[in-house]
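Asker: here's a sequence, model it:
(one chain, ligands or ions: 2)
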Amino acid sequence: MNSDMRIKIRPATDKDIDYVIAINIECLPEHYPLSFWLEHLSKYGDVFYVAEVDDKIVGYVLTRVEEGESLFHIGKKVKKGHIVSVAVRENYRRRGIATYLLSTVLSILVHLYEASEAYLEVRVSNVPAIKLYEKLGFEILRKIEGYYLDGEDAYLMAKRLK
Ligand SMILES: CC(=O)SCCNC(=O)CCNC(=O)[C@H](O)C(C)(C)COP(=O)(O)OP(=O)(O)OC[C@H]1O[C@@H](n2cnc3c(N)ncnc32)[C@H](O)[C@@H]1OP(=O)(O)O
Ligand SMILES: [Zn+2]
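Answerer: Ligands and ions are numbered 1, 2, ... in the order given. Reported below is the predicted structural model:
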């Protein structure tokens, strides 16, 4: 891969799902049935993005929009963007692709959905992802003990969007 590769970001379509699932399996231990991906595509397709290099999908971010209690103001009901899964193929990392995907989705959460917060869970050992989220303005709110199937803890990280 050369250093002047062109990265293109666009919303996912149903034709992308097989590639997205393959990247998810390659990059993360948390996997989901086909129905999960298709349901998110139909309900929250505006915040399900893929990144392409040379017409091949190399990364994705899957997001869902939720209404519920604010993570910052107890008792307040808000719209929240939930970053469910993000991954970039190993050979394409550290080129800003995840930053591009996530900042695009965060902007759509604000402007299209009028969400006021975004949040996610991440393994406490996943330093690259934690650093990425901190760079985007997410902060660690708390630890969720035993969140993952293998027993690892998660950090709950969140960001105010307005
Ligand atoms: C909610 C969830 O999905 S949590 C799980 C997140 N996904 C995964 O862990 C899957 C496996 N990992 C990956 O796919 C990738 O490493 C990702 C998605 C975490 C990051 O993707 P990338 O495209 O490489 O991120 P990007 O290039 O935008 O990095 C932005 C910043 O994040 C930080 N960062 C990214 N990777 C690393 C790393 N390996 N070590 C330290 N910091 C890192 C850096 O600050 C980086 O900025 P810099 O390159 O200028 O120093
Ligand atoms: Zn989650």
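
Asker: okay, buried residues for the longest strand seen in the chain please.
Answerer: With residue count as the measure and DSSP state E as the assignment, the chain has strand 56-69 as its longest strand. Of the residues in strand 56-69, those scored as buried under the neighbour-count criterion (16 or more other CB atoms under 10 Å) are 57-63, 65. Where you see a C-beta, it was placed from the backbone N, CA and C, and this is true even at glycine.

Asker: with these in mind, which one is nearest to Cys27?
Answerer: In terms of CB to CB, no member of those lies closer to Cys27 than Gly59, at 8.7 Å.

Asker: identify the residue spatially nearest to that closest one, adjacent ones excluded.
Answerer: Using CB to CB, 6 or more residues apart in numbering and skipping the chain neighbours, the partner closest in space to Gly59 is Val88 (3.7 Å).

Asker: check contacts around that neighbour.
Answerer: 23, 27, 51, 58-59, 97-98, 101 (CB atoms under 8 Å, 6 or more residues apart in numbering).

Asker: just the CA trace of stretch 51-63, in PDB.
Answerer: Only the C-alpha atoms of stretch 51-63 are listed here, as PDB (Å, rounded to 0.1, in the frame of the first residue of the first chain):
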ATOM      1  CA  ALA A  51     -14.200   3.200   4.600                       C
ATOM      2  CA  GLU A  52     -12.900   2.200   1.200                       C
ATOM      3  CA  VAL A  53      -9.400   2.100  -0.200                       C
ATOM      4  CA  ASP A  54      -9.100   1.200  -3.900                       C
ATOM      5  CA  ASP A  55     -12.800   0.200  -3.900                       C
ATOM      6  CA  LYS A  56     -12.200  -2.300  -1.100                       C
ATOM      7  CA  ILE A  57     -13.800  -2.000   2.300                       C
ATOM      8  CA  VAL A  58     -11.100  -1.700   5.000                       C
ATOM      9  CA  GLY A  59     -13.100  -0.500   8.000                       C
ATOM     10  CA  TYR A  60     -16.600   0.300   9.400                       C
ATOM     11  CA  VAL A  61     -18.400   1.900  12.200                       C
ATOM     12  CA  LEU A  62     -21.800   0.700  13.400                       C
ATOM     13  CA  THR A  63     -23.800   3.100  15.500                       C
END
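
Asker: sweet, I'm off.
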